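> Next one to model:
(2 chains)
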Number of protein chains: 2
Amino acid sequence: MRLATLPNGSHDGRLHVVSRDNARSIPAEVVTTMQALLEDWDTHAPALEAQYRTLTEGDGEAFDPATALAPMPRAWQWLDGSAYESHGMLMAKVLGIDNHADKTRPLMYQGLSDRFLAPTADVPLPTEGDGIDFEGEFGVICDAVPMGTDTATARGHIRLLVQINDWSLRAVAPIEMRTGFGWIQAKPACSMAPVAVTPDELGDAWRDARVDLPLIVDWNGERFGAAGGYAMGFGFDQLIAHAARTRNLVAGTVIGSGTVSNENYREVGSSCIAEKRGIEMLDEGEARTGFMCFGDTVRMECRTADGSPLFGAIDQRVVGL
Amino acid sequence: MRLATLPNGSHDGRLHVVSRDNARSIPAEVVTTMQALLEDWDTHAPALEAQYRTLTEGDGEAFDPATALAPMPRAWQWLDGSAYESHGMLMAKVLGIDNHADKTRPLMYQGLSDRFLAPTADVPLPTEGDGIDFEGEFGVICDAVPMGTDTATARGHIRLLVQINDWSLRAVAPIEMRTGFGWIQAKPACSMAPVAVTPDELGDAWRDARVDLPLIVDWNGERFGAAGGYAMGFGFDQLIAHAARTRNLVAGTVIGSGTVSNENYREVGSSCIAEKRGIEMLDEGEARTGFMCFGDTVRMECRTADGSPLFGAIDQRVVGL
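Numbering: from 1, shown residues only, chains lettered A, B, ... in the order given. Presented below is the predicted three-dimensional model:
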């Protein structure tokens, strides 16, 4: 099943069911918002699955991803992992920090969740001097996860998969990291691709609670990266269990993979600029690629193995405040 | 004006106006939840102020703080500062970390906001081995603050003051701090005292965007601390401007002061156990006071200079999950 949220003047928008080709949609019948669906998934999902089958047979209106909001326009909680080890190593290099990589314990931060920007919305930021960067990621949306849930049980709480751009301000990041308190200014609102999908939409590409598909990233129209999603050191099930050790996860919690990254980054490219700068520092002794300028665009898309659309594309421009 | 939220079976409860003596309350007339009030303060506040005047003349039902939810039972954003310098110094000692104190830049982390526990609710946590601690704080609740708002303008966005217990797990905190990503497991849900008040309720004790009153903390019925709230190195207005530099702050954002602490901590005591342990490390070479055990209680209350109730009391017991 595929879901999107279209604007209706409210904070949460109107939940829609989207066809398998992302071309058509109809308003969800039994529930009006993504949040309400996640709060009572088992009650509402069967009716939406039935609508999804009807859509696949040709029903519905044309779906234009350019008008869509984030499928989850706001969430009560957004916890972003950093599960790709090659990313962690390069970021430690570029940020001039110790990585403190602990292979027994996922890295994760609590992020701004009151707004996920629409996939084609302009992204206003105060100054280019902050080192504006994108971070292409995958994410999951959970129903309610009780405190103390183990990894095996956590996997069953993954209801939807999403694709995220975790906007990052690299000049601020190391200053905030040195305090140990994590990021405030360095992490403005993220963006989300227009379509959220149930794991079965990926078929064999949903494997070990990971998305085994490449994330295609273009910066100003040029290919920047196509790293595969499978290389997470911890699966989403492990990230959920980690987060739930000392708290109940509210229904609708979004959990991110961190920047998609592969060990052969020199071949497949990267999902953020900072990583490319890290490679340049390793290979050439200094970073040569600058961060984003106002007016720059970034496009991120993940398709299935046969080339069909999946989450739809994030396609955005960063602008001055 | 004073406000509280009583349970009605919904996530957000039912907003009530509370009398000046915290003894009586009536349902708010024009708006049903705290979130809705913060989203349109100027429209709704005058009617609530009128109800507040009526209450002060003897109207309303008996108000029992033991039945109240947190005045803001959940928030879209919770940003907690650490604005008391004497606390920062002692915590660096007890956590075995560098303080990285930067007097030009507030310390702040993004916390779990989907639930603020009720003031008298039991607090279930998985294990005493995590080093269970309380942190007594003051906080503010803002209406919508646009990105780039300066300190002077920020002060006008402070609509309500609250009192918070920021539950902390000290055995986990330094592990998470070393990553630079901030806290996940070390910061479970916070609690909030039953009554939120407008700044004018404090009279002269609302000074320089700080609460100039002591926070009385009792652990298992014994006095633990009575530190004054004024000693913040940054006022709440500065904390808001810091948070809003690269993001819009959603209406209903809660901003915390961090653990209330004074330089004469040996005389006034502390608002968390970790600080007392830091003092013991300084004075006696090692920490002697243990953290909380299941069954332990903590009570936190702040009264006005004439001894009248203000936020009401947080009075809680920590229990095994």
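> Next up, the contacts around the residue in chain A that chain B sits nearest to.
Closest approach between chain A and chain B, counting by C-beta to the nearest C-beta: A:Gly182, at 2.1 Å. Any C-beta I mention is one placed from the backbone N, CA and C, and that applies to glycine too. The neighbours of A:Gly182, taking C-beta atoms under 8 Å, 6 or more residues apart in numbering or on different chains as the test, are A:Tyr109, A:Gln110, A:Glu176, B:Tyr109, B:Gln110, B:Gly180, B:Phe181, B:Gly182, B:Trp183.
> excluding its backbone neighbours, what's nearest it?
The shortest distance from A:Gly182 to any non-neighbouring residue, by C-beta to C-beta, 6 or more residues apart in numbering or on different chains, is to B:Gly182 (2.1 Å).
> tell me which element the one you found is part of?
Following DSSP states H and E, one finds B:Gly182 outside all helices and strands.
> distance of it from B:Val162?
Distance of B:Gly182 to B:Val162, given as C-beta to C-beta, to the nearest Å: 22 Å.
> buried stuff in stretch A:36-52?
A:Ala36, A:Leu37, A:Leu38, A:Glu39, A:Trp41, A:His44, A:Ala45, A:Leu48, A:Gln51, A:Tyr52 (16 or more other C-beta atoms under 10 Å in any protein chain shown).
> Is the residue lying closest to A:Thr56 once chain neighbours are set aside in a helix, a strand, or coil?
Spatial nearest neighbour of A:Thr56, chain neighbours left out: A:Arg20 (5.2 Å); criterion: C-beta to C-beta, 6+ apart. Here A:Arg20 takes the coil state, with states given by DSSP: H, G, I helix; E, B strand; the rest coil.
> can you tell me how far A:Arg20 sits from B:Ile164?
Using C-beta to C-beta, A:Arg20 is found at 47 Å from B:Ile164.
> what about those two, which has more around it?
Remark: of A:Arg20 and B:Ile164, B:Ile164 carries more neighbours, 24 against 17, as counted by other C-beta atoms under 10 Å in any protein chain shown.
> Name the residues that touch the lowest-mean-pLDDT helix or strand in chain A?
Lowest on mean pLDDT, DSSP states H and E among the helices and strands of chain A sits helix A:85-95, with a mean of 84. When contacts are defined by C-beta under 8 Å, 6+ apart, helix A:85-95 is touched by residues A:82, A:98-99, A:101, A:107, A:170, A:173-174, A:177, A:231, A:233, A:258-263, A:265, A:270-272, A:274-275, A:277-279, A:281-282, A:287.
> Restricted to buried residues, select those in ChimeraX.
Per 16+ other C-beta under 10 Å, the buried members of these correspond to this ChimeraX selection:
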select /A:82,99,107,170,173,174,177,231,233,258,259,260,261,262,265,270,271,272,274,275,277,278,279,281,287
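> which of the contacts of helix A:85-95 come close to chain B?
A:Ser82, A:Leu107, A:Met177 (C-beta under 8 Å from any C-beta of the partner chain).
> Got the phi and psi for A:Phe134?
Backbone geometry at A:Phe134, expressed as degrees, to the nearest 10, gives phi -100, psi 160.
> Can you identify each of the helices in the stretch 101-250 of chain A by residue range?
A:151-155, A:173-178, A:236-243 (DSSP state H, counting those that start in this stretch).
> which one of those helices has the most crowded surroundings?
Most buried of the helices of the stretch 101-250 of chain A by mean neighbour count (mean count of other C-beta atoms under 10 Å in any protein chain shown) is helix A:236-243; its value is a mean of 25.
> next one: the following helix or strand past that one to chain centre, how far?
Sequence-wise, the next helix or strand downstream of helix A:236-243 (DSSP H and E) is strand A:254-256. Distance, stretch centre to chain centre, for strand A:254-256: 7 Å (C-alpha atoms, centre = their mean, to the nearest Å).
> could you point out which element follows strand A:254-256?
Sequence order places helix A:265-268 as the next helix or strand after strand A:254-256, per DSSP H and E.
> could I have the helix or strand just after that next one exported to CSV, CA atoms only?
Following helix A:265-268 in sequence order, the next helix or strand is helix A:273-284 (DSSP H and E). This file holds the C-alpha atoms of helix A:273-284, laid out as CSV (Å, rounded to 0.1, in the frame of the first residue of the first chain):
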residue,chain,number,x,y,z
ILE,A,273,28.3,17.0,0.5
ALA,A,274,30.2,16.6,3.8
GLU,A,275,31.0,13.0,2.9
LYS,A,276,32.5,14.1,-0.5
ARG,A,277,34.6,16.6,1.4
GLY,A,278,35.8,13.9,3.7
ILE,A,279,36.9,11.8,0.7
GLU,A,280,38.7,14.8,-0.8
MET,A,281,40.5,15.3,2.6
LEU,A,282,41.6,11.7,2.5
ASP,A,283,42.6,11.7,-1.2
GLU,A,284,43.8,15.2,-1.8
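> Could you list the residues in contact with helix A:273-284?
Among residues not part of helix A:273-284, those counted as contacts by C-beta under 8 Å, 6+ apart are A:87, A:89-91, A:93-95, A:133-134, A:168, A:170, A:219, A:224, A:259, A:261, A:265-266, A:269-270, A:286-292.
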